[in-house]
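Novice: Need a 3D model of the sequence below.
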Amino acid sequence: MKKENVKIIAKTKIVLHIRTQLKKNSDAKTRASFQSFFKQTILCHGVKSGVVEKIAKENFVHVSGLSKKELFSIAEDLFRSGYCEESWIAAGWLHRKGDYAQSDFSFYERWLDKYIDNWAECDTFCNHTVGSFIEKYPKYIHNLKVWAKSKNLWLRRAAAVSLIVPVKEGKFLKSVFEISDILLLDKEDMVQKGYGWLLKVASHKHQKEVLSYVLRHKDAMPRTALRYAIEKMPENLRKRAMAK
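Specialist: Below you'll find the predicted structure:
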């Protein structure tokens, strides 16, 4: 048997093994509970998040020694399925593997544009995998600004939530405001919540600057984004920001 065919079989076995484990651990109650967090109908097996993490962790041994090309091929299959749990496992494996290269970005962009269709998949993938990539290659923040202008609402949300983890460490404040500027008047509540969340996280280390930004834009900023942005500020500052 040709080496390429052996790899295809191995890849298929890994993906099928993951799906078998997910189905074995699924239940209708969890599926219904998870669906309640979304306005649109989403695809999920109905597996508790802790169990999904356990399955991902226990099975990483099967992919840890693969080449990046092989791992990306498996990730593609998992993302393509449309099931949240499979998307989370793909994102978790990509982050755990690390070994980021600039050529990875085009894959991230395509997966987000083609397969991601809800906030849970978007945030799980972007917070850690894309966020870690951006920390290593900050020049790609320019590409996040391009995403912020995309017709795809999940790319627009991704533009904001990809910076959540590095911003927790106080990084990229200028970019936080630049991306928020682009998204400021976005009509999609998932995008408003995304950049509002980003501003909220930035306020932990830069409260004065974030408050100043909010006060400058509060008349135009959607109330959803504004409430998210000021959520962790002291009550007197929240009242000041909410005052008309």
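
Novice: Distance from the chain centre to the helix or strand hosting residue 197, please.
Specialist: Under the criterion of DSSP states H and E, residue 197 resides in helix 189-203. A distance of 13 Å separates the centroid of the chain from that of helix 189-203, by CA atoms, centre = their mean, to the nearest Å.

Novice: With stretch 204-219 instead?
Specialist: 24 Å.

Novice: List the buried residues of that stretch.
Specialist: Going by neighbour count (16 or more other CB atoms under 10 Å), the buried part of stretch 204-219 is 206, 209-211, 213-214, 217-218. Backbone N, C-alpha and C define where each C-beta goes, glycine included.

Novice: so can I have TSV of those showing distance to residue 10?
Specialist: Below are these laid out as TSV (distance: CB to CB, whole Å):
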residue	distance to residue 10
206	48
209	50
210	48
211	54
213	50
214	52
217	52
218	55
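
Novice: which one of these sits closest to residue 161?
Specialist: The shortest gap between residue 161 and any of the buried residues of stretch 204-219 belongs to residue 210, at 16.4 Å (CB to CB).

Novice: quick one, what contacts that closest one?
Specialist: Residue 210 makes contacts with 199-200, 202-203, 229, as judged by CB atoms under 8 Å, 6 or more residues apart in numbering.

Novice: What is the most widely separated pair among those residues?
Specialist: 202 and 229, at 8.6 Å, using CB to CB across these.

Novice: With neighbour numbers in mind, choose between these two.
Specialist: Taking other CB atoms under 10 Å, residue 202 and residue 229 do not tie; residue 229 has more neighbours (29 against 26).

Novice: Quick one: residues contacting the more buried one.
Specialist: Neighbour list for residue 229: 196, 199-200, 203, 210, 214, 221, 241 [criterion: CB under 8 Å, 6+ apart].

Novice: Can you find the helix or strand in this protein with the smallest mean pLDDT?
Specialist: Least confident helix or strand of the chain, by mean pLDDT, DSSP states H and E, is helix 3-24 with a mean of 74.
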